[in-house]
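Asker: I need the structure of the sequence given here:
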Amino acid sequence: MDQSLIRNFCIIAHIDHGKSTLSDRLLELTGTVEKRKMKEQLLDTMDLERERGITIKLQPARMAYKAKDGVEYQLNLIDTPGHVDFNYEVSRSLAAVEGAVLLVDSTQGVQAQTIANLYLAIEQDLTIIPVLNKIDLPNSEVERRAEELMKLIGCKREEILSVSGKTGEGVPELLERLVRDVPPPRGDHSKPFRALIFDSKYDEYKGVVAYVRVLDGIVKTNDPIRFLATQSQGQALEVGYLKPEYKATGFLESGEIGYVVSGLKDITAVRVGDTVALGMPKDTANMSREALDASRLMLDVEPLQGYREVRPMVYAGIFPSEGNEYEHLRDALMKLKLSDAALQFEPEHSTALGFGFRCGFLGILHLEIVKERLEREHDMEIVATLPSVAYEVTLTNGDEKVIKSPLDFPDPSHLKEAREPWVRVDIVTPSDYLGNVMALVQDRRGVYKNTEYFDAQRAVLHYEMPLSSVIVDFHDKLKSATAGYASLNYEFAEFRPSKIIRLDILVAEEQVAAFATLIHESEAYRYGKYVVETLKESLPRQQFVIKIQAAIGSKIIASEKLSAYRKDVLAKLYGGDRTRKDKLLKKQKKGKERMMSMGKGRVEIPSDTFVKVLRRN
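Answerer: Predicted coordinates for the structure are as follows:
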């Protein structure tokens, strides 16, 4: 297709600002999806996305749109997530397009993730189209939110479109604006084929399917292909685009967005951010010299820049509940990594939990989603340890290490210095709640930088905070402190020296490796007390008393006891001397003592208990 008629764009916004609903209207108005097949959040293909009401995965879709000038254009849309834990999906989408629709909810205004995603789009030098959504709601404040957008990106009022993703109002004008303002791709059709892999997935029948943006040249069905970073060879068994379901076309040209079925069953052969190019034909013996020279010329391609390496914010151990499921877990994680490029994992062994993996995530929500996907999509029963951040330590002998697991933390006698990661935090909040937010951040060891005001009613607070104070329950507490109005974004700043200690949790006088955590000295008592109280409420009672303790080394800092079940051994007595009762009670007491001595460390901890401790409700 003529590149001047192609428009590649994505929709970026804060979570719950209506990206998926607007995508539905675009697909409906362009006739891409029949009305009888339409459903809400059509591009949210995972059950988890529908249940939680959030977008987790980027999703491409191609539309054919006949503009007012009578010309038919090819519009390639990529719907993106809005949560900070999935911003790597957004950055990958932006690298595959030329334009971005910056969507802002007219009832909520500019939020933290709006600003973060805007900066990502500006870095990629994309054309920004500002759009106010949800104008059909009675509490919509179009003019006020337009002022915020004008202040944020320096545009004029007439450049801001007002739409309703629900009713379709203003969406035709948005389509015309996309055709007019988003620049067409600038690929070279005559050059050798090369394309950027911006996403991938594993299909049991088709093997690895790569979602690509073609930069130069053309690829056809059955062409030999190769992946430059891994040097893997494959064949384009099927080539086409997403509508959003697969639609085979037989070829993809420069400027287009589509998919290539590689047929490869080796999951490690395809990486997100890699360059895919044409490979050498297998049957070279029967080829003429001219054809052979032409094939070699097609091999001479320069790799594309790819993506920046993602930095995990949170680490947690994931172990199979049954030891013989280790291989199944490894395969499941490798398949998940194909569709979730931000996930990182490496093998780990725990004396208590056996063989598993130390996994890196972008946040707690990301961890929860991966855990649920493993359980649902791969039918795995897993145990996840408490999340922690990565610390840098310097030992007394001068060695430096990165500690990702509490079990690897060195003994205090060998520790010279520990450094923890700090992040730059942006909090958008109504001015009425500034005091509440400041008190909350101060309680989490935050360092105040400055405050910017959108207007008299809304402000952006800039802080620096320890990452460990942000990742677990800070977002929930922030929402509580601001009646749900505040929003949060953070990015890594640097490592700083800190007093870090390892906190162990003992149940029935046996250490539970999954509950071990690294924490700042000042927060150890409060967190230890919280964990033992949560365990006391959550653990099932046994026939013997269970001691639940939080310890730093050999020092117990918090303790609770879970009382035992008591069988009524006196029920069968119907009278007689008191000594008969005492005799039975003493016999029961001896039995309890014997049972307790045998039962130490044999308390089975239910999986929902791990989740309760994790959430810090």
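
Asker: quick one: the helices in the stretch 351-500 of the chain, in order.
Answerer: Ranges of helices within the stretch 351-500 of the chain are 364-377, 434-443, 467-471, 474-481, based on DSSP state H, counting those that start in this stretch.

Asker: which outside residues touch the shortest one?
Answerer: Residues external to helix 467-471 that are found in contact with it (Cβ atoms under 8 Å, 6 or more residues apart in numbering): 313-314, 363-364, 387-389, 420-423, 425, 444-446, 488, 490, 492, 518-520. Where you see a C-beta, it was placed from the backbone N, CA and C, and this is true even at glycine.

Asker: ok, now stretch 129-140?
Answerer: 9, 13, 17-18, 22, 99-107, 142, 145-146, 149, 153, 155, 159-167, 169-170, 174, 177-178, 181-182.

Asker: filter these down to the ones in strands?
Answerer: The members of the contacts of stretch 129-140 that map onto strands under DSSP state E are F9, G99, A100, V101, L102, L103, V104, D105, L161, S162.

Asker: go through the residues you listed and name the one nearest S554.
Answerer: Of all the ones in strands among the contacts of stretch 129-140, the one with the least separation from S554 (Cβ to Cβ) is D105, at 53.6 Å.

Asker: what sits closest to the closest one if chain neighbours are left out?
Answerer: H17 (4.2 Å; Cβ to Cβ, 6 or more residues apart in numbering).

Asker: D582: neighbour count?
Answerer: By other Cβ atoms under 10 Å, the residues close to D582 number 10.

Asker: which SS class is it?
Answerer: When classified by DSSP: H, G, I helix; E, B strand; the rest coil, D582 comes out as helix.

Asker: repeat for the one 5 residues further on
Answerer: For K587, the assignment made with three-state DSSP gives helix.

Asker: surely E533 and S559 touch.
Answerer: No: with contacts defined as Cβ atoms under 8 Å, E533 does not count as touching S559, sitting 10.5 Å away.

Asker: are any of the contacts of helix 467-471 buried, and which?
Answerer: Among the contacts of helix 467-471, those buried by neighbour count (16 or more other Cβ atoms under 10 Å) are 313-314, 363-364, 387-389, 420-423, 425, 444-446, 488, 490, 518-520.

Asker: tell me the contacts of M313?
Answerer: Residues counted as contacts of M313 (Cβ under 8 Å, 6+ apart) are F361, L362, G363, V389, L467, I471, F492.

Asker: try 10 Å
Answerer: M313 makes contacts with 84-85, 342, 360-364, 366-367, 387, 389-390, 421, 423, 467-468, 470-471, 490-492, as judged by Cβ atoms under 10 Å, 6 or more residues apart in numbering.

Asker: from E40, how far off is it?
Answerer: As for M313, its distance to E40 is 31 Å (criterion: Cβ to Cβ, to the nearest Å).

Asker: G255 too?
Answerer: G255 is 31 Å from E40, by Cβ to Cβ.

Asker: follow-up on the earlier one: the residue nearest to D105 against A112, yeah?
Answerer: No: using Cβ atoms under 10 Å, H17 is not in contact with A112, being 11.9 Å away.

Asker: who's more crowded, the two?
Answerer: Higher neighbour count among H17 and A112: H17, with 29 against 21, using other Cβ under 10 Å.

Asker: pLDDT value on the more buried one, please?
Answerer: Note on H17: pLDDT of 88.

Asker: domain ranges for the protein, per the record?
Answerer: If you go by automatic domain parsing, the domain ranges for the chain are 3-181, 194-299, 314-383, 392-498, 501-615.

Asker: of these, which is nearest Y307?
Answerer: Here domain 194-299 is closest among the domains of the chain (Cβ to Cβ), at 3.9 Å.

Asker: pLDDT (mean, whole number) over the closest one?
Answerer: The average pLDDT within domain 194-299 is 83.

Asker: check contacts around M1.
Answerer: E72, Y73, Q74, E253, S254, G255, E256.

Asker: still on that earlier bit, neighbour count for G255 and E40, which is higher?
Answerer: Between G255 and E40, counted using other Cβ under 10 Å, the more crowded position is G255 (26 against 10).

Asker: what distance do you get for the more buried one to K220?
Answerer: G255 sits 16 Å away from K220, going by Cβ to Cβ.

Asker: same check, this time on T609
Answerer: From T609 to K220 the distance is 55 Å (Cβ to Cβ).

Asker: do the same with S232
Answerer: With the distance defined as Cβ to Cβ, S232 ends up 19 Å from K220.

Asker: compare these two (neighbour count), which wins?
Answerer: For S232 versus K220, neighbours defined as other Cβ under 10 Å are more numerous around S232 (20 against 14).

Asker: wait, isn't that one in contact with A277?
Answerer: No: taking contacts as Cβ under 10 Å, S232 lies outside contact range of A277: 11.6 Å.

Asker: tell me, what's touching the two both at once?
Answerer: I225, R226.

Asker: measure the spatially closest residue to A13 that is not a sequence neighbour to K19 for me?
Answerer: Distances taken as Cβ to Cβ, 6+ apart place L103 nearest to A13, at 3.8 Å, with adjacent residues excluded. For L103, the distance to K19 equals 6 Å [Cβ to Cβ].
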